[in-house]
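Colleague: Compute the structure for the input listed below.
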Amino acid sequence: MTASPAAESPATDAAASLIADLIAHGVRDLVLSPGSRSQALALAAVHAANQGHLRVHVRIDERVAGFTALGLSRESGAPAAAICTSGTAAANLLPAAMEAFHSGVPLLLLTADRPPELRGVGANQATVQPGMFSPWVREQIDAPVPGDGDWSGLGARAVEIAMGADAPHGHPGVAGPVHLNLPSREPLSGLIPAIRVAPGEVPHPVLAAPLVLDRGPRTVVIAGADAGADAEEVAHAGSWPLIAEIVSGARFGRQVVHGYRALLGDADLGGRIERAVVLGHPTLSREVTRLLSRADVDVVAVRRGGEDLDLNGRTTPAASVAVASGPADREWLGAWLTASAARAVDLSERAPDPEGLASTDFAARRDAVKAELEAVRRPLDRELLVDAVWRATWPHDRLVFGSSRLVRVADGVLGGKKVPVHANRGLAGIDGTIATATGIALASQAGGAPGVTRVLLGDLAFLHDVGALLLPPDEDEPRLQVIVGNDGGGTIFDGLEVASTAARADLDRAFYTPHTVRLEQLALAYGWEYQRITTRTALDQALTTPAGGRQLIEVPLTR
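Modeller: Next up is the predicted model:
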């Protein structure tokens, strides 16, 4: 029998009030995981969605839900909320909370809980939830039990802090996650009141006065993850070389340096750097880490997450930067750009030539056909894979990199292009990549916006988040291409010390973790379109003529 809802429920009234408050202050997406203790929150959220106030995304796995909310927040810039029940459900939000804190992404964690009298007495599904995220949230609030107090104002306060308002943890002006722990007593749900959304003020990121940079020192601009177009603007304003990681969203413009890793080790270039201006979180190269650790380099780092960047013990933090007026050091910039031009990698000669194939000139068409046949016979490698994905992606698309070997290959060979790029590099974890990308796709395609979200990752990162392939049948499918470079294990460890110190059998078992998973069967089970692609021509066609909906593209790679 289905129990009839109680006519009155303080938990339901409080939940409806909280959801209305969140909506009034700019929350438009909520990711929900089902559970008993959270039923009032879930029903209020669905009720608001039915009224057109909110988009609700249901995920049965709380870890997937947390990273989906993270992706929604990353793309939109506004905090998405994740709702779950008590116990281990809440703990599964921790990885997303940690990534959001270190990346400076606004995120709301709404965890249902038992009332105080049921904590610490062995009650079912009850644990210590207040403070469970404390090192990684900007604020945590253990709300009163509805009836003992109310939740009025909690939504507004949570959004303000998530967007960078002053808080007990983190820096003012830096966004991050907020935890609302929401206990309730039975009856856990009742008749849902109308969700009345009062006009509210939608918070904007808190902006502080910029640090003005003088033009004297020989300077480079370092763009790490989440730097965005700001890094290119600073480099342009200062006429300084721009060292932009592929995940920065700043690898474009005339000042971009190609082959930056080798040039940082050049005594006449990297050795003469006097100042580095850092935007975002650089994580992809040891050469940049060494530069930012040097005692003889003045480092200015624009805050992006919950921790200051200070690898040399004397880095100057800044909320933002501006460049003083004055003459540019053309000699310094020119030396870098000359060296950069010599280091640029051109993979175009390895790509198909559609113009040659369509040419009316016999010799040109013959040469193009010969090159095409060679390309068909040549197996895809990592460089061709990342190049194909990069070429297929444009400003109306989104590109998401997993923490796999492929992102480092892409960082080493891809040229400049103004493409929206995302990656979870706050902690550079392998987890949550597909879920994050799904959230990015949902946010970027909301309201019928065009574009495809492409995810490029390795097989282990894919398998780590395989549960994110599951979407409810009643939700709109995002246009999402997941491209898996499958080399049968974690070959990213080839570049670490362990590859030269461990016995081969131990390296295989403990690090490479080889597998024989049939990705096609996983795609079929979760309702994804699947293609296994081995040539550049077929890959280009698959990437540039997406069928819509969800596609899993497997590209076998050699170890």
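
Colleague: So for Ala344, what's the nearest residue that isn't a sequence neighbour?
Modeller: His258 (4.2 Å; Cβ to Cβ, 6 or more residues apart in numbering). Placement of C-beta: from N, CA and C, glycine included.

Colleague: Can you get me a residue count around that neighbour?
Modeller: When neighbours are counted by other Cβ atoms under 10 Å, His258 registers 21.

Colleague: Where does the prediction get shaky in the stretch 251-400 of the chain?
Modeller: Residue ranges of the stretch 251-400 of the chain with pLDDT under 70: 348-358, 372, 375-377.

Colleague: Please export the C-alpha coordinates of the one helix or strand Asp230 maps to as CSV.
Modeller: Here Asp230 sits within helix 229-238, counting by DSSP states H and E. Below are the C-alpha coordinates for helix 229-238, written out as CSV (Å, rounded to 0.1, in the frame of the first residue of the first chain):
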residue,chain,number,x,y,z
ALA,A,229,40.2,34.5,-21.3
ASP,A,230,41.5,36.7,-18.4
ALA,A,231,45.0,35.2,-18.9
GLU,A,232,45.1,36.0,-22.6
GLU,A,233,43.9,39.6,-21.8
VAL,A,234,46.7,40.1,-19.2
ALA,A,235,49.4,38.7,-21.6
HIS,A,236,48.1,41.0,-24.4
ALA,A,237,48.0,44.0,-22.2
GLY,A,238,51.5,43.5,-20.9
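
Colleague: Could you give the separation of it from the chain centroid?
Modeller: Centroid separation for helix 229-238 versus its chain: 22 Å, with Cα atoms, centre = their mean, to the nearest Å.

Colleague: Show me what it is in contact with.
Modeller: 213, 215, 219, 221-223, 240-242, 244, 248-250, 252-256, 277, 279-280, 302, 320-323, 328, 418 (Cβ atoms under 8 Å, 6 or more residues apart in numbering).

Colleague: Only the buried members of those residues: can you turn that into a PyMOL selection?
Modeller: Filtering the contacts of helix 229-238 down to the buried ones (16 or more other Cβ atoms under 10 Å) takes a single PyMOL command:
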select buried, resi 213+215+219+221+222+223+240+241+242+244+248+249+250+252+253+255+256+277+279+280+302+321+323
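
Colleague: returning to that earlier point: now do the contacts for the residue nearest to Ala344.
Modeller: Residues in contact with His258 (Cβ under 8 Å, 6+ apart) are Ser340, Ala341, Arg343, Ala344, Val345, Gly415.

Colleague: who wins for neighbours among those?
Modeller: Compared across the contacts of His258, Ser340 has the highest neighbour count, 20 neighbours, by other Cβ under 10 Å.

Colleague: how about that one, secondary structure?
Modeller: helix (DSSP: H, G, I helix; E, B strand; the rest coil).

Colleague: and after the helix or strand bottoming out on mean pLDDT in the chain, which helix or strand comes next?
Modeller: Ranked by mean pLDDT, DSSP states H and E, the weakest helix or strand in the chain is helix 354-357, scoring a mean of 67. Counting by DSSP H and E, the element after helix 354-357 in chain order, helix or strand, is helix 362-377.

Colleague: residues making contact with the helix or strand just after that following helix?
Modeller: The element immediately downstream of helix 362-377 (helix or strand, assigned by DSSP H and E) is helix 382-392. The contact list for helix 382-392 (Cβ under 8 Å, 6+ apart) reads 345, 347, 350-351, 399, 405-406, 409-410, 413-414, 417, 419, 454, 456, 483, 485, 536, 539-540, 543-544, 555, 557.

Colleague: Of those residues, keep whichever come out buried.
Modeller: With neighbours counted by 16+ other Cβ under 10 Å, the contacts of helix 382-392 contain buried members at 347, 350-351, 399, 405-406, 409-410, 413-414, 417, 419, 454, 456, 483, 485, 536, 539-540, 543, 555, 557.

Colleague: all strands for the stretch 151-300 of the chain, in order.
Modeller: Counting by DSSP state E, counting those that start in this stretch, the stretch 151-300 of the chain has strands at residues 177-183, 211-213, 219-223, 242-244, 275-279, 298-302.

Colleague: Partner strands of the longest one, with direction?
Modeller: Partner strands and pairing direction for strand 177-183 (DSSP bridges) are strand 107-113 (parallel), strand 139-142 (parallel).

Colleague: Same question for the third one.
Modeller: Strand 219-223 sits in its sheet next to strand 242-244 (parallel), strand 275-279 (parallel), going by DSSP bridges.

Colleague: quick one: low-confidence parts of this structure?
Modeller: Looking at the chain by pLDDT under 70, you get 1-7, 201-203, 205-207, 348-358, 372, 375-377, 490-496, 498-499.

Colleague: Let me know how buried Arg59 is, in neighbour terms.
Modeller: Around Arg59 there are 26 residues (other Cβ under 10 Å).

Colleague: cool, and Gly259?
Modeller: Using other Cβ under 10 Å, Gly259 is surrounded by 16 other residues.

Colleague: Contact partners for it?
Modeller: Taking Cβ under 8 Å, 6+ apart as the contact definition, Gly259 lies against Ala339, Ser340, Ala342, Arg343, Ala344, Val345, Gly412.

Colleague: can we see that at 7 Å?
Modeller: Ser340, Arg343 (Cβ atoms under 7 Å, 6 or more residues apart in numbering).

Colleague: Use 45 as the first number for this chain going forward.
Modeller: Sure, I'll start counting at 45 from here, so that last one is Gly303.

Colleague: Next, it: phi, psi?
Modeller: Phi and psi for Gly303, reported as degrees, to the nearest 10, are phi 60, psi 40.

Colleague: any idea how far it lies from Val389?
Modeller: Distance, Gly303 to Val389, using Cβ to Cβ, to the nearest Å: 8 Å.

Colleague: try Leu566
Modeller: Going from Leu566 to Val389 by Cβ to Cβ gives 33 Å.

Colleague: before we move on, what about Gln575?
Modeller: According to Cβ to Cβ, Gln575 and Val389 sit 27 Å apart.

Colleague: just the strands in the stretch 495-603 of the chain please.
Modeller: Under DSSP E, counting those that start in this stretch, the stretch 495-603 of the chain gives strands at 497-502, 524-530, 573-576, 594-600.
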